[in-house]
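Undergrad: build me a model from this:
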Amino acid sequence: MKIGLLLLLAYFLGSIPFGYLICKYFYKVDIRELGSGNIGATNVVRSVGKIPGALVLALDVAKGFLPVFLAVPLGPRVAIICAAAAILGHSRSIFLKFKGGKSVATGLGTLLGLAPMVGGVLFFFWLLVLLIGRFVSLASVTAAILLPCLMFLFRQPWEFILFGAMAGLYVVFRHRANLVRLFEGKEPKIGSHAS
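TA: Residues are numbered from 1 along each chain as shown. Reported below is the predicted structural model:
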């Protein structure tokens, strides 16, 4: 019963589209109709501003962290299932007709709940790639690929390593259009207003 409620909570929290809600109620715009059409922090920064973008980032991380943090005492497998539910909720939100974002920030939140050290190191690499290349998508895909490797290097349970591999693949899959634009030289850098 408790596990079932945690799973529902994880999916429900993951489904809350903070990017959409903040832009709609505070800026009177539908973020899905601006820039890339994505509800995540990157598009909010480009389309609305840095402050709302930072708020969306923090809230998207938090909604991934909270259910996993609550689930960790019940064991690694329960925590992983809750992490997956939160990520699925963000990318397939019940509030947006099962559409949503790319799950990077929410995925980071789940990771900080599962393995804080790995999450911190991964965020460092994400930021490093972003500062060098100025492509959010490239930083996110790089982090996704590094995730299972870091889980292994930090000697995390095999369940966490498997989760890292599956979550990483999912994030890469969600960025497939960005990867095409990167190869074509059409992907916008951070700070630009291109879609």
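Undergrad: report pLDDT for the closest residue to Val171 other than its chain neighbours.
TA: Closest residue to Val171 apart from its sequence neighbours, by CB to CB, 6 or more residues apart in numbering: Ala144 at 3.9 Å. C-beta here means a position set from N, CA and C on the backbone, and glycine is covered the same way. For Ala144, the pLDDT comes out at 96.
Undergrad: verify the stated contact: Ala144 with Phe173.
TA: No: the pair Ala144 / Phe173 is not scored as a contact, 9.3 Å apart, by CB atoms under 8 Å.
Undergrad: where exactly do the helices run in the protein?
TA: In the chain, helices defined by DSSP state H lie at 2-15, 18-27, 41-47, 50-71, 76-91, 104-114, 116-133, 136-153, 158-174, 176-184, listed in chain order.
Undergrad: go through the second one and flag the buried ones.
TA: By neighbour count, with 16 or more other CB atoms under 10 Å as the criterion, the buried positions of helix 18-27 are Phe18, Gly19, Tyr20, Ile22, Cys23.
Undergrad: again with the first one
TA: With burial defined by 16+ other CB under 10 Å, the residues of helix 2-15 counted as buried are Leu6, Leu7, Leu9, Ala10, Tyr11, Phe12, Leu13, Gly14, Ser15.
Undergrad: next, give me the two most distant ones among the buried residues of helix 18-27.
TA: Phe18 and Cys23 (9.3 Å; CB to CB).
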